[in-house]
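J.: Here's my sequence, what's the structure:
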Amino acid sequence: MFRFLRREDEERLDRVEAILQEMFERGREVFDLAISTLLDRAPVAEIGPKLRATDLKINELEQELRRQLAVHASVFGGIETPVVLVYMSIVKDLERLGDYAKNLLDLARDGADFSTLADADDWRRIAGEIAAQITEAAATFRERDVEAARRVVEKAKVLMSDFDRRVTALVRGDDTGPQAVARALACRYLKRVAAHVSNVLTAVINPVDKLDFLENNRAARE
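T.: Presented below is the predicted three-dimensional model:
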């Protein structure tokens, strides 16, 4: 659990929280856009510019948050250093959602079409779970709800283990189905989305020295 100690800078700190919530929202938006090209045959030529514009906004929000934190730290000094470090770390996790959304979009651009797979509904289920995780994580972070954070992280661990299992089956040749390369890459990208969202919630659960560490799980650090 962490919070800023010096509330004299109330307006700036409220802006920091608002930026993080907007980054969650934009992260969910780019994720949904990318998935629509893979699973719903949304045209890449139409979705791509929207996704990239939203990703650019995410980057701008990250830069603004860093500026706000730098000013706050310069005024209040060492007492706020641990919390500033936490925010600097988690904002990078949120920024990465845009990067992996672009990776997923690139799969569709290169011809991947998961709507044709026999297990397309399963891929839709997985995408829905990750989308819900992003939304749940935003609310959990806003409320600093430790127990809810643990629940979201545990669900993410299950997903990440499933992605590892799927990739292993593809590498070993146990899964010889169509679009093997695209599916393996999608598993890796989706795993990273789940991991980065979980990393944000470690700030709610763990002390600062264990930020980004999921207990008994290396997935978020690989």
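
J.: Just give the number of residues close to the closest residue to residue 29 other than its chain neighbours.
T.: Nearest residue to residue 29 in three dimensions, chain neighbours excluded: residue 54, at 5.4 Å (C-beta to C-beta, 6 or more residues apart in numbering). The C-beta positions use only the backbone N, C-alpha and C, and glycine is treated the same way. For residue 54, the neighbour count with other C-beta atoms under 10 Å is 18.

J.: Pretty sure residue 54 sits in a helix.
T.: Yes: Residue 54 sits within a helix when classified using DSSP: H, G, I helix; E, B strand; the rest coil.

J.: Helices of this protein, start to end?
T.: For the chain, helices defined by DSSP state H occupy the ranges 10-39, 44-76, 81-109, 120-143, 146-172, 180-205.

J.: hey, which of those is tucked in deepest?
T.: When you average the neighbours per residue for each of the helices of the chain (mean count of other C-beta atoms under 10 Å), helix 180-205 leads with a mean of 23.

J.: Any idea how far that one is from the middle of the chain?
T.: Distance, stretch centre to chain centre, for helix 180-205: 7 Å (C-alpha atoms, centre = their mean, to the nearest Å).

J.: could you give the angle of that helix to helix 10-39?
T.: Per axes from the mean of the first three to the mean of the last three C-alpha atoms, to 10 degrees, the angle that helix 180-205 makes with helix 10-39 is 160 degrees.

J.: separation between residue 85 and residue 136?
T.: 25 Å (C-beta to C-beta, to the nearest Å).

J.: typed the wrong thing, it's residue 103
T.: 23 Å.

J.: Same check on residue 159?
T.: Taking C-beta to C-beta, one finds residue 159 at 13 Å from residue 136.

J.: Residue 89 too?
T.: Residue 89 is 20 Å from residue 136, by C-beta to C-beta.

J.: and what of residue 130?
T.: 11 Å.

J.: Dihedrals phi and psi, residue 145?
T.: Dihedral angles phi and psi of residue 145 (degrees, to the nearest 10) take the values phi -90, psi 100.

J.: Which pLDDT value goes with the closest residue to it other than its chain neighbours?
T.: With sequence-adjacent residues excluded and distances taken as C-beta to C-beta, 6+ apart, residue 145 is closest to residue 204, at 7.2 Å. The score at residue 204 is 88. That number is its pLDDT.
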